[in-house]
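# Whatever this is, show me its structure:
(2 chains)
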Amino acid sequence: MSGLLNMAQLRPLALRAAILVVFGAPLWGGFELHKTLHVEHPFRDLGRWVAYCVFLYILIALNVGIHKLVSWVAGAMVLALTVVFSGGIFRSLKIWESLSAILPWLHAAQASTTEQQELDLVFRLIMIMASLPYMLFVVESFPAAEFLRDVVRQGARRRAKLYITLAVFFRIFQHVFEVVTTLLVAWREENPRGIAPREVADLRGAPVRRIAMIDWYRQALWVWAVALLENSLVFVPVAVRDWQQFIDE
Amino acid sequence: MTKVSELKGLTRTGVIAVLTALAALGTLLIRIPIPATTGYFNIGDMFVILAGLWLGPMGGLIVGAVGPTIADAIGFPQFMLATAVTKGIEGWLVGLVGGGFRSTSLARKIAAAAVGAATIMIGYFVFEAFIYPYLARTIPFFAVTDWAAALVELLPNAIQGVIGAIGGVALWRTVIGRSPEERSP
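Numbers count the residues shown, from 1 in each chain, chains lettered A, B, ... in the order given. Purely as a prediction, here's the structure:
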(Lines give C-alpha, C1' and ligand atoms only; values in the text may rest on other atoms or scores of the structure.)
Protein backbone atom coordinates (compact mmCIF):
# COMPACT_ATOMS: atom_id res chain seq x y z
CA MET A 1 0.00 0.00 0.00
CA SER A 2 1.36 3.43 -0.91
CA GLY A 3 -1.02 6.01 0.55
CA LEU A 4 -0.87 8.26 3.59
CA LEU A 5 -2.52 5.61 5.76
CA ASN A 6 -1.74 1.90 5.82
CA MET A 7 -4.66 -0.28 6.79
CA ALA A 8 -2.60 -3.43 6.16
CA GLN A 9 -0.31 -2.51 9.06
CA LEU A 10 -3.11 -2.05 11.58
CA ARG A 11 -2.97 -4.58 14.42
CA PRO A 12 -4.43 -6.66 15.86
CA LEU A 13 -5.94 -8.35 12.85
CA ALA A 14 -9.40 -8.51 14.47
CA LEU A 15 -9.46 -4.72 14.87
CA ARG A 16 -8.59 -4.24 11.20
CA ALA A 17 -11.31 -6.68 10.15
CA ALA A 18 -13.83 -4.96 12.45
CA ILE A 19 -13.04 -1.50 11.03
CA LEU A 20 -13.38 -2.76 7.46
CA VAL A 21 -16.69 -4.44 8.28
CA VAL A 22 -18.03 -1.25 9.88
CA PHE A 23 -16.99 0.96 6.94
CA GLY A 24 -18.51 -1.53 4.51
CA ALA A 25 -21.67 -2.16 6.54
CA PRO A 26 -23.99 -0.25 4.16
CA LEU A 27 -22.79 -2.48 1.32
CA TRP A 28 -23.57 -5.67 3.22
CA GLY A 29 -27.02 -4.33 4.07
CA GLY A 30 -27.55 -2.74 0.68
CA PHE A 31 -30.55 -4.90 -0.11
CA GLU A 32 -32.52 -3.52 2.83
CA LEU A 33 -31.45 0.07 2.21
CA HIS A 34 -32.57 -0.39 -1.36
CA LYS A 35 -36.14 -0.59 -0.09
CA THR A 36 -35.83 2.97 1.22
CA LEU A 37 -35.43 4.39 -2.29
CA HIS A 38 -38.50 6.37 -3.35
CA VAL A 39 -39.35 7.63 -6.81
CA GLU A 40 -40.85 10.81 -5.28
CA HIS A 41 -37.44 12.07 -4.14
CA PRO A 42 -34.79 10.02 -5.95
CA PHE A 43 -31.98 12.58 -5.67
CA ARG A 44 -32.20 12.70 -1.89
CA ASP A 45 -32.14 8.90 -1.54
CA LEU A 46 -29.49 8.30 -4.17
CA GLY A 47 -27.49 11.27 -2.85
CA ARG A 48 -26.83 9.38 0.39
CA TRP A 49 -25.32 6.55 -1.58
CA VAL A 50 -23.19 8.90 -3.69
CA ALA A 51 -21.92 10.57 -0.49
CA TYR A 52 -21.08 7.16 0.98
CA CYS A 53 -19.31 6.20 -2.27
CA VAL A 54 -17.18 9.38 -2.11
CA PHE A 55 -16.31 8.59 1.52
CA LEU A 56 -15.11 5.12 0.50
CA TYR A 57 -13.04 6.57 -2.35
CA ILE A 58 -11.31 8.99 0.03
CA LEU A 59 -10.60 6.15 2.45
CA ILE A 60 -9.22 3.95 -0.32
CA ALA A 61 -7.13 6.75 -1.88
CA LEU A 62 -5.57 7.54 1.51
CA ASN A 63 -4.52 3.92 1.82
CA VAL A 64 -3.57 2.67 -1.64
CA GLY A 65 -2.88 5.93 -3.47
CA ILE A 66 -4.75 7.73 -6.18
CA HIS A 67 -3.36 5.73 -9.14
CA LYS A 68 -4.59 2.40 -7.85
CA LEU A 69 -7.95 3.89 -6.92
CA VAL A 70 -8.37 5.28 -10.44
CA SER A 71 -7.64 1.88 -12.01
CA TRP A 72 -10.15 0.19 -9.68
CA VAL A 73 -12.79 2.85 -10.37
CA ALA A 74 -12.20 2.43 -14.12
CA GLY A 75 -12.91 -1.29 -13.79
CA ALA A 76 -15.96 -0.62 -11.63
CA MET A 77 -17.28 1.91 -14.16
CA VAL A 78 -17.02 -0.57 -17.05
CA LEU A 79 -18.75 -3.18 -14.98
CA ALA A 80 -21.49 -0.85 -13.72
CA LEU A 81 -22.28 0.39 -17.22
CA THR A 82 -22.39 -3.17 -18.54
CA VAL A 83 -24.84 -4.22 -15.85
CA VAL A 84 -27.06 -1.15 -16.25
CA PHE A 85 -27.19 -1.35 -20.03
CA SER A 86 -27.84 -5.10 -19.84
CA GLY A 87 -30.72 -4.44 -17.46
CA GLY A 88 -32.13 -1.75 -19.74
CA ILE A 89 -31.85 -3.92 -22.84
CA PHE A 90 -33.36 -6.88 -21.05
CA ARG A 91 -36.30 -4.75 -19.99
CA SER A 92 -36.76 -3.26 -23.47
CA LEU A 93 -36.97 -6.76 -24.95
CA LYS A 94 -40.24 -7.13 -22.96
CA ILE A 95 -39.65 -10.86 -22.55
CA TRP A 96 -41.16 -10.75 -19.08
CA GLU A 97 -44.35 -9.05 -20.28
CA SER A 98 -44.72 -11.64 -23.07
CA LEU A 99 -44.31 -14.48 -20.59
CA SER A 100 -46.77 -12.84 -18.20
CA ALA A 101 -49.47 -13.09 -20.86
CA ILE A 102 -49.03 -16.87 -20.83
CA LEU A 103 -48.24 -17.34 -17.14
CA PRO A 104 -50.48 -15.06 -15.04
CA TRP A 105 -48.62 -15.71 -11.79
CA LEU A 106 -45.58 -13.98 -13.27
CA HIS A 107 -47.67 -10.86 -13.82
CA ALA A 108 -48.89 -10.93 -10.24
CA ALA A 109 -45.34 -10.74 -8.99
CA GLN A 110 -44.50 -7.55 -10.89
CA ALA A 111 -45.04 -5.09 -8.11
CA SER A 112 -42.59 -2.38 -9.16
CA THR A 113 -43.33 0.44 -11.61
CA THR A 114 -41.18 1.47 -14.57
CA GLU A 115 -39.87 4.47 -12.60
CA GLN A 116 -38.97 2.20 -9.68
CA GLN A 117 -37.13 -0.16 -12.04
CA GLU A 118 -35.16 2.73 -13.56
CA LEU A 119 -34.29 3.98 -10.11
CA ASP A 120 -33.23 0.46 -9.25
CA LEU A 121 -30.78 0.39 -12.17
CA VAL A 122 -29.24 3.72 -11.13
CA PHE A 123 -28.97 2.38 -7.58
CA ARG A 124 -27.17 -0.72 -8.86
CA LEU A 125 -24.74 1.49 -10.81
CA ILE A 126 -23.81 3.44 -7.67
CA MET A 127 -23.69 0.24 -5.63
CA ILE A 128 -21.19 -1.38 -8.01
CA MET A 129 -19.13 1.82 -8.21
CA ALA A 130 -18.85 1.73 -4.42
CA SER A 131 -18.57 -1.99 -3.77
CA LEU A 132 -15.98 -3.17 -6.31
CA PRO A 133 -13.17 -0.76 -5.30
CA TYR A 134 -13.97 -1.36 -1.63
CA MET A 135 -13.90 -5.12 -2.08
CA LEU A 136 -10.49 -4.90 -3.78
CA PHE A 137 -9.31 -2.66 -0.94
CA VAL A 138 -10.49 -5.18 1.67
CA VAL A 139 -8.69 -8.01 -0.14
CA GLU A 140 -5.51 -5.94 -0.33
CA SER A 141 -5.73 -5.03 3.36
CA PHE A 142 -4.87 -8.61 4.30
CA PRO A 143 -1.56 -9.32 2.54
CA ALA A 144 -0.58 -12.95 2.15
CA ALA A 145 2.88 -12.05 3.50
CA GLU A 146 1.24 -11.51 6.86
CA PHE A 147 0.13 -15.14 6.97
CA LEU A 148 3.68 -16.04 6.05
CA ARG A 149 5.11 -14.22 9.06
CA ASP A 150 2.57 -15.98 11.26
CA VAL A 151 3.70 -19.32 9.84
CA VAL A 152 7.24 -18.50 10.93
CA ARG A 153 6.03 -17.64 14.42
CA GLN A 154 3.95 -20.80 14.71
CA GLY A 155 5.82 -23.72 16.11
CA ALA A 156 3.13 -26.36 15.73
CA ARG A 157 3.54 -28.27 12.47
CA ARG A 158 -0.16 -28.98 11.92
CA ARG A 159 -1.11 -25.35 12.38
CA ALA A 160 1.68 -24.21 10.07
CA LYS A 161 0.31 -26.42 7.30
CA LEU A 162 -3.09 -24.86 7.71
CA TYR A 163 -1.58 -21.38 7.52
CA ILE A 164 0.39 -22.25 4.41
CA THR A 165 -2.73 -23.58 2.72
CA LEU A 166 -4.66 -20.46 3.71
CA ALA A 167 -1.83 -18.19 2.60
CA VAL A 168 -1.60 -19.85 -0.84
CA PHE A 169 -5.38 -19.70 -1.16
CA PHE A 170 -5.49 -16.04 -0.21
CA ARG A 171 -2.52 -14.96 -2.35
CA ILE A 172 -3.99 -16.57 -5.46
CA PHE A 173 -7.43 -15.21 -4.59
CA GLN A 174 -5.85 -11.74 -4.47
CA HIS A 175 -4.14 -12.29 -7.81
CA VAL A 176 -7.46 -13.07 -9.53
CA PHE A 177 -8.86 -9.77 -8.25
CA GLU A 178 -5.81 -7.97 -9.62
CA VAL A 179 -6.29 -9.65 -13.01
CA VAL A 180 -9.96 -8.81 -13.25
CA THR A 181 -9.59 -5.02 -13.06
CA THR A 182 -7.10 -5.08 -15.94
CA LEU A 183 -9.25 -7.46 -17.95
CA LEU A 184 -12.39 -5.38 -17.45
CA VAL A 185 -10.79 -2.37 -19.11
CA ALA A 186 -9.30 -4.53 -21.88
CA TRP A 187 -12.70 -6.18 -22.38
CA ARG A 188 -14.33 -2.74 -22.70
CA GLU A 189 -11.86 -1.78 -25.43
CA GLU A 190 -12.37 -5.07 -27.28
CA ASN A 191 -16.17 -5.09 -26.97
CA PRO A 192 -17.46 -1.50 -27.02
CA ARG A 193 -20.83 -2.28 -28.54
CA GLY A 194 -22.71 -3.46 -25.47
CA ILE A 195 -21.92 -0.43 -23.36
CA ALA A 196 -21.78 2.38 -25.91
CA PRO A 197 -25.08 4.30 -25.67
CA ARG A 198 -25.08 5.22 -29.38
CA GLU A 199 -24.86 1.56 -30.38
CA VAL A 200 -27.57 0.53 -27.95
CA ALA A 201 -29.89 3.23 -29.31
CA ASP A 202 -29.37 1.79 -32.81
CA LEU A 203 -31.05 -1.41 -31.70
CA ARG A 204 -34.45 0.17 -31.09
CA GLY A 205 -37.30 -1.46 -32.97
CA ALA A 206 -35.22 -4.04 -34.78
CA PRO A 207 -35.92 -7.61 -33.58
CA VAL A 208 -33.13 -9.11 -35.72
CA ARG A 209 -30.62 -6.71 -34.20
CA ARG A 210 -31.83 -7.68 -30.75
CA ILE A 211 -31.06 -11.31 -31.51
CA ALA A 212 -27.66 -10.19 -32.77
CA MET A 213 -27.20 -8.41 -29.45
CA ILE A 214 -27.82 -11.65 -27.55
CA ASP A 215 -25.20 -13.32 -29.73
CA TRP A 216 -22.83 -10.44 -29.01
CA TYR A 217 -23.34 -11.01 -25.29
CA ARG A 218 -22.68 -14.72 -25.65
CA GLN A 219 -19.39 -14.12 -27.48
CA ALA A 220 -18.25 -11.27 -25.24
CA LEU A 221 -18.96 -13.21 -22.05
CA TRP A 222 -17.26 -16.31 -23.38
CA VAL A 223 -14.09 -14.47 -24.37
CA TRP A 224 -14.07 -12.75 -20.98
CA ALA A 225 -14.58 -15.98 -19.02
CA VAL A 226 -11.85 -17.89 -20.88
CA ALA A 227 -9.38 -14.97 -20.69
CA LEU A 228 -10.02 -14.61 -16.97
CA LEU A 229 -9.59 -18.32 -16.35
CA GLU A 230 -6.36 -18.60 -18.33
CA ASN A 231 -4.81 -15.43 -16.88
CA SER A 232 -5.68 -16.59 -13.36
CA LEU A 233 -4.52 -20.19 -13.67
CA VAL A 234 -1.18 -19.22 -15.16
CA PHE A 235 -0.23 -17.74 -11.77
CA VAL A 236 -0.85 -20.96 -9.79
CA PRO A 237 2.46 -22.79 -10.56
CA VAL A 238 4.43 -19.57 -10.02
CA ALA A 239 2.83 -18.96 -6.61
CA VAL A 240 3.19 -22.60 -5.54
CA ARG A 241 6.89 -22.64 -6.50
CA ASP A 242 7.54 -19.45 -4.52
CA TRP A 243 5.79 -20.84 -1.45
CA GLN A 244 7.61 -24.13 -1.73
CA GLN A 245 10.94 -22.27 -1.84
CA PHE A 246 9.95 -20.38 1.26
CA ILE A 247 9.00 -23.60 3.08
CA ASP A 248 12.28 -25.21 2.10
CA GLU A 249 14.25 -22.25 3.46
CA MET B 1 4.21 -35.98 3.60
CA THR B 2 6.58 -36.08 0.61
CA LYS B 3 7.59 -32.99 -1.30
CA VAL B 4 5.69 -34.13 -4.41
CA SER B 5 2.45 -34.62 -2.53
CA GLU B 6 2.98 -31.28 -0.75
CA LEU B 7 3.36 -29.59 -4.13
CA LYS B 8 0.28 -31.37 -5.45
CA GLY B 9 -1.69 -30.28 -2.41
CA LEU B 10 -0.60 -26.65 -2.79
CA THR B 11 -1.37 -26.69 -6.52
CA ARG B 12 -4.80 -28.10 -5.83
CA THR B 13 -5.34 -25.37 -3.22
CA GLY B 14 -4.26 -22.81 -5.80
CA VAL B 15 -6.72 -24.07 -8.42
CA ILE B 16 -9.53 -24.11 -5.85
CA ALA B 17 -8.61 -20.51 -4.92
CA VAL B 18 -8.72 -19.43 -8.57
CA LEU B 19 -12.12 -21.03 -9.18
CA THR B 20 -13.51 -19.69 -5.88
CA ALA B 21 -12.45 -16.16 -6.82
CA LEU B 22 -13.86 -16.60 -10.34
CA ALA B 23 -17.16 -17.94 -8.99
CA ALA B 24 -17.36 -14.86 -6.74
CA LEU B 25 -16.45 -12.49 -9.54
CA GLY B 26 -18.71 -14.22 -12.08
CA THR B 27 -21.61 -13.85 -9.66
CA LEU B 28 -20.74 -10.32 -8.65
CA LEU B 29 -19.60 -8.75 -11.88
CA ILE B 30 -21.93 -9.99 -14.57
CA ARG B 31 -25.28 -9.27 -12.97
CA ILE B 32 -28.08 -8.85 -15.47
CA PRO B 33 -31.04 -7.54 -13.46
CA ILE B 34 -34.45 -9.14 -13.84
CA PRO B 35 -36.95 -6.25 -13.89
CA ALA B 36 -39.89 -8.08 -12.33
CA THR B 37 -38.03 -9.52 -9.37
CA THR B 38 -35.18 -8.41 -7.14
CA GLY B 39 -33.00 -11.18 -8.56
CA TYR B 40 -30.45 -11.22 -11.34
CA PHE B 41 -28.81 -13.53 -13.83
CA ASN B 42 -25.13 -14.25 -13.40
CA ILE B 43 -22.44 -16.49 -14.81
CA GLY B 44 -20.95 -17.64 -11.50
CA ASP B 45 -22.47 -21.10 -11.93
CA MET B 46 -20.18 -21.70 -14.90
CA PHE B 47 -17.22 -21.73 -12.53
CA VAL B 48 -18.97 -23.77 -9.84
CA ILE B 49 -19.86 -26.45 -12.40
CA LEU B 50 -16.35 -26.28 -13.86
CA ALA B 51 -14.94 -26.83 -10.35
CA GLY B 52 -17.11 -29.93 -9.83
CA LEU B 53 -16.25 -31.34 -13.25
CA TRP B 54 -12.54 -30.73 -12.83
CA LEU B 55 -11.78 -31.12 -9.12
CA GLY B 56 -14.47 -33.54 -7.97
CA PRO B 57 -16.94 -33.34 -5.04
CA MET B 58 -14.76 -31.61 -2.41
CA GLY B 59 -13.41 -28.97 -4.80
CA GLY B 60 -16.92 -28.36 -6.14
CA LEU B 61 -18.30 -28.07 -2.62
CA ILE B 62 -15.70 -25.50 -1.51
CA VAL B 63 -15.93 -23.39 -4.67
CA GLY B 64 -19.75 -23.52 -4.68
CA ALA B 65 -20.19 -22.77 -0.99
CA VAL B 66 -17.60 -19.98 -0.72
CA GLY B 67 -17.36 -18.13 -4.07
CA PRO B 68 -20.98 -17.11 -4.80
CA THR B 69 -21.62 -16.53 -1.08
CA ILE B 70 -18.89 -13.86 -1.01
CA ALA B 71 -20.65 -12.17 -3.92
CA ASP B 72 -24.04 -12.31 -2.17
CA ALA B 73 -22.51 -10.62 0.86
CA ILE B 74 -22.42 -7.47 -1.23
CA GLY B 75 -25.97 -6.26 -1.77
CA PHE B 76 -27.87 -9.49 -1.14
CA PRO B 77 -26.90 -10.69 2.36
CA GLN B 78 -30.27 -12.39 2.95
CA PHE B 79 -29.51 -14.89 0.22
CA MET B 80 -26.12 -15.91 1.61
CA LEU B 81 -27.52 -18.92 3.47
CA ALA B 82 -29.51 -20.19 0.48
CA THR B 83 -26.56 -19.60 -1.85
CA ALA B 84 -23.98 -21.28 0.39
CA VAL B 85 -26.07 -24.42 0.84
CA THR B 86 -27.55 -24.65 -2.68
CA LYS B 87 -24.38 -23.91 -4.59
CA GLY B 88 -22.26 -25.99 -2.23
CA ILE B 89 -24.54 -28.97 -2.91
CA GLU B 90 -24.51 -28.10 -6.61
CA GLY B 91 -20.70 -28.26 -6.78
CA TRP B 92 -20.59 -31.42 -4.68
CA LEU B 93 -23.19 -33.24 -6.82
CA VAL B 94 -21.56 -32.15 -10.08
CA GLY B 95 -18.26 -33.51 -8.77
CA LEU B 96 -19.86 -36.73 -7.60
CA VAL B 97 -21.68 -37.44 -10.88
CA GLY B 98 -18.91 -36.05 -13.12
CA GLY B 99 -16.18 -38.13 -11.55
CA GLY B 100 -13.67 -35.27 -11.13
CA PHE B 101 -10.31 -35.37 -12.91
CA ARG B 102 -10.38 -39.17 -13.23
CA SER B 103 -13.15 -39.09 -15.83
CA THR B 104 -12.93 -37.48 -19.27
CA SER B 105 -16.25 -38.79 -20.60
CA LEU B 106 -18.15 -35.90 -22.16
CA ALA B 107 -21.54 -37.64 -21.71
CA ARG B 108 -20.85 -38.04 -17.99
CA LYS B 109 -19.80 -34.42 -17.67
CA ILE B 110 -22.98 -33.24 -19.45
CA ALA B 111 -25.11 -35.39 -17.13
CA ALA B 112 -23.27 -33.93 -14.12
CA ALA B 113 -23.80 -30.37 -15.34
CA ALA B 114 -27.53 -31.11 -15.85
CA VAL B 115 -27.73 -32.33 -12.25
CA GLY B 116 -26.05 -29.06 -11.21
CA ALA B 117 -28.61 -26.98 -13.13
CA ALA B 118 -31.49 -28.90 -11.54
CA THR B 119 -29.93 -28.41 -8.10
CA ILE B 120 -29.99 -24.62 -8.51
CA MET B 121 -33.70 -24.66 -9.39
CA ILE B 122 -34.73 -27.08 -6.66
CA GLY B 123 -32.41 -25.64 -4.00
CA TYR B 124 -33.49 -22.02 -4.35
CA PHE B 125 -37.13 -23.03 -4.63
CA VAL B 126 -36.97 -25.01 -1.38
CA PHE B 127 -35.25 -22.15 0.41
CA GLU B 128 -37.54 -19.42 -0.94
CA ALA B 129 -40.82 -21.31 -0.61
CA PHE B 130 -40.28 -23.21 2.65
CA ILE B 131 -37.11 -22.48 4.63
CA TYR B 132 -37.01 -18.66 4.45
CA PRO B 133 -40.71 -18.16 5.29
CA TYR B 134 -40.23 -20.57 8.21
CA LEU B 135 -37.11 -18.75 9.45
CA ALA B 136 -38.82 -15.38 8.98
CA ARG B 137 -41.31 -16.25 11.73
CA THR B 138 -38.56 -15.75 14.26
CA ILE B 139 -35.89 -13.82 12.29
CA PRO B 140 -37.35 -10.93 10.22
CA PHE B 141 -34.06 -10.70 8.29
CA PHE B 142 -35.21 -13.67 6.19
CA ALA B 143 -38.62 -12.21 5.31
CA VAL B 144 -37.73 -11.65 1.66
CA THR B 145 -39.52 -14.45 -0.16
CA ASP B 146 -42.73 -16.46 -0.19
CA TRP B 147 -44.47 -19.04 -2.37
CA ALA B 148 -45.30 -16.58 -5.17
CA ALA B 149 -41.76 -15.18 -5.31
CA ALA B 150 -40.32 -18.70 -5.30
CA LEU B 151 -42.53 -19.62 -8.27
CA VAL B 152 -41.46 -16.49 -10.16
CA GLU B 153 -37.79 -17.20 -9.52
CA LEU B 154 -38.10 -20.73 -10.91
CA LEU B 155 -37.91 -19.52 -14.49
CA PRO B 156 -34.85 -17.25 -14.17
CA ASN B 157 -33.11 -19.88 -12.04
CA ALA B 158 -33.81 -22.51 -14.72
CA ILE B 159 -32.36 -20.27 -17.43
CA GLN B 160 -29.36 -19.44 -15.24
CA GLY B 161 -28.84 -23.13 -14.48
CA VAL B 162 -28.91 -24.07 -18.16
CA ILE B 163 -26.52 -21.24 -19.09
CA GLY B 164 -24.23 -22.25 -16.21
CA ALA B 165 -24.30 -25.92 -17.26
CA ILE B 166 -23.56 -25.18 -20.92
CA GLY B 167 -20.86 -22.67 -19.97
CA GLY B 168 -19.33 -25.01 -17.38
CA VAL B 169 -19.05 -27.94 -19.78
CA ALA B 170 -17.76 -25.66 -22.55
CA LEU B 171 -15.10 -24.24 -20.22
CA TRP B 172 -14.12 -27.74 -19.11
CA ARG B 173 -13.83 -28.82 -22.77
CA THR B 174 -11.82 -25.74 -23.68
CA VAL B 175 -9.37 -25.69 -20.80
CA ILE B 176 -9.18 -29.26 -19.53
CA GLY B 177 -11.25 -31.81 -21.35
CA ARG B 178 -9.51 -32.08 -24.69
CA SER B 179 -7.17 -34.92 -25.40
CA PRO B 180 -3.57 -34.08 -26.44
CA GLU B 181 -4.43 -35.03 -30.07
CA GLU B 182 -7.32 -32.56 -30.11
CA ARG B 183 -5.20 -29.83 -28.55
CA SER B 184 -2.41 -30.04 -31.12
CA PRO B 185 -2.86 -27.77 -34.18
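# Quick check: A:Val236 is in a strand.
No - with the criterion set as DSSP: H, G, I helix; E, B strand; the rest coil, the secondary structure at A:Val236 is helix rather than a strand.
# Could I get the contacting residues of A:Glu230?
Under the criterion of CB atoms under 8 Å, 6 or more residues apart in numbering or on different chains, the neighbours of A:Glu230 are B:Val175. Any C-beta I mention is one placed from the backbone N, CA and C, and that applies to glycine too.
# Tell me the helices and strands packed up against the helix ranked longest in chain A.
For chain A, the helix that runs over the most residues, judged by DSSP state H, is helix A:157-190. Counting contacts by 3 or more CB pairs under 8 Å, 6 or more residues apart in numbering or on different chains; DSSP states H and E, helix A:157-190 is packed against helix A:66-92, helix A:114-140, helix A:144-153, helix A:207-233, helix A:235-248, helix B:3-29.
# Now do the fifth one: everything it contacts.
Applying CB under 8 Å, 6+ apart, the set of residues contacting helix A:235-248 from outside is A:148, A:164, A:167-168, A:171-172, A:175, A:179, B:3, B:6-7, B:10-11, B:14-15, B:18.
# low pLDDT regions in chain B?
Scanning chain B for pLDDT under 70 picks out B:1-3, B:30-40, B:74-75, B:177-185.
# Let's see that with 50 instead.
Per-residue confidence of chain B (counting by pLDDT under 50) places the weak regions at B:180, B:182-185.
# Chain A now?
Low-confidence segments of chain A, defined by pLDDT under 50, span residues A:31, A:197.
# Determine which stretch of the helices and strands packed on helix A:157-190 is the most buried.
For those, average neighbour numbers computed from mean count of other CB atoms under 10 Å in any protein chain shown are highest in helix B:3-29, which has a mean of 22.
# any chance of the helices and strands packed on helix A:157-190 in a markdown table, with distance to A:Ala51 too?
A markdown table is the format used below for the helices and strands packed on helix A:157-190 (distance: least, CB to CB, whole Å):
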| stretch | distance to A:Ala51 |
| --- | --- |
| helix A:66-92 | 16 |
| helix A:114-140 | 10 |
| helix A:144-153 | 32 |
| helix A:207-233 | 32 |
| helix A:235-248 | 37 |
| helix B:3-29 | 23 |
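# Of all the ones you listed, which one comes closest to B:Ile89?
Nearest to B:Ile89 among the helices and strands packed on helix A:157-190 is helix B:3-29 (14.3 Å), distances taken as CB to CB.
# hmm, that closest one touching chain A?
Yes - Helix B:3-29 is in contact with chain A by CB under 8 Å from any CB of the partner chain, via B:3, B:6-7, B:9-11, B:13-18, B:20-22, B:25-26, B:28-29.
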